[in-house]
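> below are the sequence and a predicted model; questions follow.
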2 protein chains.
Amino acid sequence: MAVFKEYKTMSYDLDSMLAHYAELAINVGLNLQPGQRLLMWRVPPESAPLARLVAAKAYDAGASLVDVMWEDDGLKLARFNHAPRHSFDEYMSWQADGMEEHVKGGGALISIRGNDPDLLKGQNPELVNKVQRRRWQLIEPTMHYVTRNRVNWLVIGTATGGWARKVFPDIPAADAVSKLWDTIFELCRLDLPDPVQVWQDHISSLRQRSHYLNTKQYLALKYKGPGTDLTLGLPKGHIWKGARSDSELGIPFTPNLPTEEIFTLPHRLEAEGVVSASLPLNYGGALIEDFSVRFEQGRAVSVSASRGEEILQAMIDSDEGAAHLGEVALVAHSTPIAQTQRLYYNTLYDENAASHVALGRAYNMNLQGADLMSQEELLQAGCNYSLIHVDFMIGSDALDIDGVREDGQVEPVMRAGEWAFDM
Amino acid sequence: MAVFKEYKTMSYDLDSMLAHYAELAINVGLNLQPGQRLLMWRVPPESAPLARLVAAKAYDAGASLVDVMWEDDGLKLARFNHAPRHSFDEYMSWQADGMEEHVKGGGALISIRGNDPDLLKGQNPELVNKVQRRRWQLIEPTMHYVTRNRVNWLVIGTATGGWARKVFPDIPAADAVSKLWDTIFELCRLDLPDPVQVWQDHISSLRQRSHYLNTKQYLALKYKGPGTDLTLGLPKGHIWKGARSDSELGIPFTPNLPTEEIFTLPHRLEAEGVVSASLPLNYGGALIEDFSVRFEQGRAVSVSASRGEEILQAMIDSDEGAAHLGEVALVAHSTPIAQTQRLYYNTLYDENAASHVALGRAYNMNLQGADLMSQEELLQAGCNYSLIHVDFMIGSDALDIDGVREDGQVEPVMRAGEWAFDM
């Protein structure tokens, strides 16, 4: 961290750091190919300076065309505050249609996220869910391709006023944005002398952990921690992935920056017990806090939450697969994001701070032979389907995880939130 | 103007003036109807605060859904500065597709413009034209509906850094933006005590002038001024329009704010002589200056310009109709915009500062019975067709215009840039 602090002292220059960040996104994250198109989406208008730098770096890498789909929190809020209540079923599909066409054509995608976690605080949960659910429906055709890694894609963060205010509530607004940028650069390891080499080493290490677990092929994982006593079956042929994926079109890429996790899919019918969230969940601009979910035969049969319980329940009820798990991910508690001991109210950052699971859709890339299976066969094999995919954090320094071998013996996977096996 | 100056002295509040501006746009300009949808387009990301206020006012007026298509100058510039030269034929059609669907469905449109007039200064004219031409092609299906007033639509301005810097080059950037906002509010008469009533009176006055000229049904207009000696034939059944239109769906609206013009279509084959521009033209981010065009039998046969001549020529060559005129508009030199004696480098403002003509597509609403005519019959009747519609200014306090009656006698229409008939 010493070097990073120097950055701040020695004429720290936001524009040049943003340019490094854009370069990391294009070259390490997305690995954009000459002649490929790029679409940025969910970009807050206030992040236009970053979007322009990403576009410039993309063109420098030989992109044939770059476009942006912007998403403005303020516009969304204007709807909740002013629109006729009966109008919340209305939607326009031009963005979703455009994304689908882009991805079908082999174009790369970057999601640039900086939403205000408190945007929809106090809004009618039914309307929040209606809008959020419609959103999932609209982008479903695109997500169909993305979850199969048809193209190289990436999620990165952007420091906005709304997000910064939530993460750093006690400092003035402008300073909060600067501090959030500092944090993003630090957690993306841009403070280190050779970030590209650092990232290549880090990615390689996560791949080795995935490889170890792939060789083990545990039947199940057993979680024990405060408020958590959960067994998750893993389907036959599950594949752990970490940091690096390969697109169907043959492009290796790193879909999240930063990334600290390795992940696979649980069997959709084999979750038993209770799991307690270790961090709040930001769902479509509404916060769900201090919550736990009880599973029986893979299905979420009851939930409780100190805040947002209705929204959590409505989310789980939104379709059949929304009550089942589609992802299980492991993150060591000693990784940089966890070490900042801060809640980010942003899935990209919070999911890389802690081990987690996701309700909803599983990724086909996590199951051997999935691409040749029908929807029926996928469900049979334990691969969950839903319009939603919502991560929530369950890791902490008090979480132990065991792997159950085929012969019934258990082996430590994590102890007190840290990896419990050597490579 | 006294009241306006008071505004500035007495705790002038940008947010509340923007809210008045948004209200004027929704209620006087667009006359948005309950249950109608609204799409804003060409909105610069830095104008998000205005877009949110427009959305709020639209929802307050009963809009069922409001969305925004953003357009970022910086992103466009990144393409010109960084993209591979061979990639300029590439395009994405999702915005154009979305607009067409919206307008077909009866949704209203607001274009919110604040482009930097110098954005593409020094770029390759061929590439500038290629991108601009593709843009016209893409939005052609939407323009098909807009030029027929299928829906209520509106163009307004927004003060951006890039535009303000060009209009007020001698003052600091932040002050330039404030000064441009002041100017926009003043020219939109928001400085007056009851802007809505003022607008209703003004609209009524422009309608009376249109009515006078419609009754006259001149065969031609004769222009005389410095560098201008032009006769423009007017087709049989031409209709002068001013300030207020009616959408095909029956909604009266005012398509430009501010608006000072009344306009009709010239016969596409009946322009003879030379016309000199009285203001530069900003075409797709490139400036064309000190230019004149010679017409024979309606066709632009030669052009000259001190700057941007190549771009002007390429624009005229872009399709058959681009070399013919599609609009003729009259603006009194005493109107507020002209009185500021300032070039705005923005068609909305400059075209309302001076009498002008437009190369390219004519508006069907300016010809009796046009909606029942085939494309062939429209051309026959003198109604021009092109992908482009580009206004340029020819009015000044030295321009005289006569109307030629059916019996061959001439009557004064304007003298020294002012109306020469009473109502």
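Arrived safely, thanks for sending. Here the structure is a predicted model, which is why all the values come from computation and not from measurement.
> quick check: mean pLDDT across stretch A:94-113?
In this model, stretch A:94-113 has a mean pLDDT of 97.
> using CSV, list the CA coordinates for that stretch.
The C-alpha trace of stretch A:94-113 is given here as CSV (Å, rounded to 0.1, in the frame of the first residue of the first chain):
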residue,chain,number,x,y,z
TRP,A,94,-34.8,-0.9,-27.3
GLN,A,95,-31.8,-1.3,-25.0
ALA,A,96,-32.4,-4.9,-24.4
ASP,A,97,-33.0,-5.6,-28.1
GLY,A,98,-29.8,-3.7,-29.0
MET,A,99,-27.7,-5.7,-26.4
GLU,A,100,-29.0,-9.0,-27.7
GLU,A,101,-28.1,-8.1,-31.3
HIS,A,102,-24.7,-6.9,-30.2
VAL,A,103,-23.9,-10.1,-28.3
LYS,A,104,-25.3,-12.4,-31.0
GLY,A,105,-22.9,-10.6,-33.4
GLY,A,106,-19.9,-11.5,-31.1
GLY,A,107,-19.5,-8.0,-29.6
ALA,A,108,-17.9,-7.6,-26.1
LEU,A,109,-19.8,-6.2,-23.1
ILE,A,110,-18.6,-4.0,-20.2
SER,A,111,-21.0,-3.2,-17.4
ILE,A,112,-19.9,-0.1,-15.5
ARG,A,113,-21.7,0.1,-12.2
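> show me the contacts for residue A:36.
The neighbourhood of residue A:36, defined by C-beta atoms under 8 Å, 6 or more residues apart in numbering or on different chains, consists of A:62-64, A:106-108. Yep, even glycine has a C-beta here, placed from its N, CA and C like the rest.
> do the same with residue A:393
Residue A:393 touches A:277-279, A:281, A:350-351, A:353-356, counting by C-beta under 8 Å, 6+ apart.
> give me that answer again for 10 Å
A:277-281, A:329, A:331, A:338, A:343, A:347, A:350-357 (C-beta atoms under 10 Å, 6 or more residues apart in numbering or on different chains).
> give me the buried entries from the contacts of residue A:36.
A:63-64, A:106-108 (16 or more other C-beta atoms under 10 Å in any protein chain shown).
> farthest-separated two in those?
Farthest apart among the buried ones among the contacts of residue A:36 by C-beta to C-beta are A:63 and A:106. That separation is 12.3 Å.
> so what sits against both of those two?
Both residue A:63 and residue A:106 are contacted by A:33, A:35-37, under the criterion C-beta under 10 Å, 6+ apart.
> can you select the buried ones among those for me in PyMOL?
A single PyMOL command selects the buried members of those (16+ other C-beta under 10 Å):
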select buried, chain A and resi 33+36+37
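> what is the nearest of the shared contacts of residue A:63 and residue A:106 to chain B?
Among the shared contacts of residue A:63 and residue A:106, residue A:37 lies closest to chain B (C-beta to the nearest C-beta), at 7.3 Å.
> so that closest one bridges to which residues?
residue A:65 (DSSP bridges).
> so it is in contact with residue B:92, correct?
Yes. Between residue A:37 and residue B:92 there is a contact under C-beta atoms under 10 Å: 7.7 Å.
> overlap in contacts, the two.
Overlap of the contact sets of residue A:37 and residue B:92 (by C-beta under 10 Å, 6+ apart) consists of A:65-67, A:102, A:105, A:107.
> out of those residues, which comes closest to residue A:305?
residue A:102 (36.8 Å).
> am I right that that closest one is in a helix?
Yes. Assessed with DSSP: H, G, I helix; E, B strand; the rest coil, residue A:102 lies in a helix.
> I'd say it and residue A:108 touch.
Yes. At 8.8 Å, residue A:102 counts as touching residue A:108 under the criterion of C-beta under 10 Å.
> okay, and the common contacts of those two?
Common neighbours of residue A:102 and residue A:108 (criterion: C-beta under 10 Å, 6+ apart): A:37-39, A:151.
> could I get these as JSON lines with pLDDT and distance to residue B:238?
Below are the shared contacts of residue A:102 and residue A:108 laid out as JSON lines (pLDDT from 0 to 100; distance: C-beta to C-beta, whole Å):
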{"residue": "A:37", "pLDDT": "98", "distance to residue B:238": "46"}
{"residue": "A:38", "pLDDT": "98", "distance to residue B:238": "48"}
{"residue": "A:39", "pLDDT": "98", "distance to residue B:238": "45"}
{"residue": "A:151", "pLDDT": "96", "distance to residue B:238": "53"}
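> hmm, which of the residues you listed are the buried ones?
Buried among those by 16+ other C-beta under 10 Å: A:37-39, A:151.
> out of the buried ones among the contacts of residue A:36, who's nearest chain B?
For the buried ones among the contacts of residue A:36, the nearest to chain B is residue A:64 (4.3 Å; C-beta to the nearest C-beta).
> would you mark the buried spots in the host helix or strand of residue A:129?
Assigned by DSSP states H and E, residue A:129 belongs to helix A:125-146. Using 16+ other C-beta under 10 Å as the test for burial, helix A:125-146 gives A:125, A:127-139, A:141-143, A:145-146.
> try stretch A:21-34
Under the neighbour-count criterion of 16+ other C-beta under 10 Å, stretch A:21-34 has A:21-33 buried.
> dump those to a markdown table, plus pLDDT and distance to chain B.
Converted to a markdown table, the buried residues of stretch A:21-34 look like this (pLDDT from 0 to 100; distance: C-beta to the nearest C-beta, whole Å):
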| residue | pLDDT | distance to chain B |
| --- | --- | --- |
| A:21 | 97 | 16 |
| A:22 | 97 | 11 |
| A:23 | 96 | 13 |
| A:24 | 96 | 17 |
| A:25 | 98 | 14 |
| A:26 | 98 | 11 |
| A:27 | 94 | 14 |
| A:28 | 94 | 19 |
| A:29 | 96 | 18 |
| A:30 | 97 | 16 |
| A:31 | 97 | 18 |
| A:32 | 98 | 13 |
| A:33 | 97 | 13 |
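> and those residues, which of them are in helices?
Per DSSP state H, helices hold the following members of those: A:21-23.
> just for chain A, where's the confidence low?
A:1-12 (pLDDT under 70).
> report the contact partners of the residue most central in space within it.
By C-alpha atoms, centre = their mean, chain A has its centre lying nearest to residue A:348, at 4.4 Å. Contact analysis of residue A:348 by C-beta under 10 Å, 6+ apart lists A:111, A:113, A:155-157, A:256-259, A:337, A:391.
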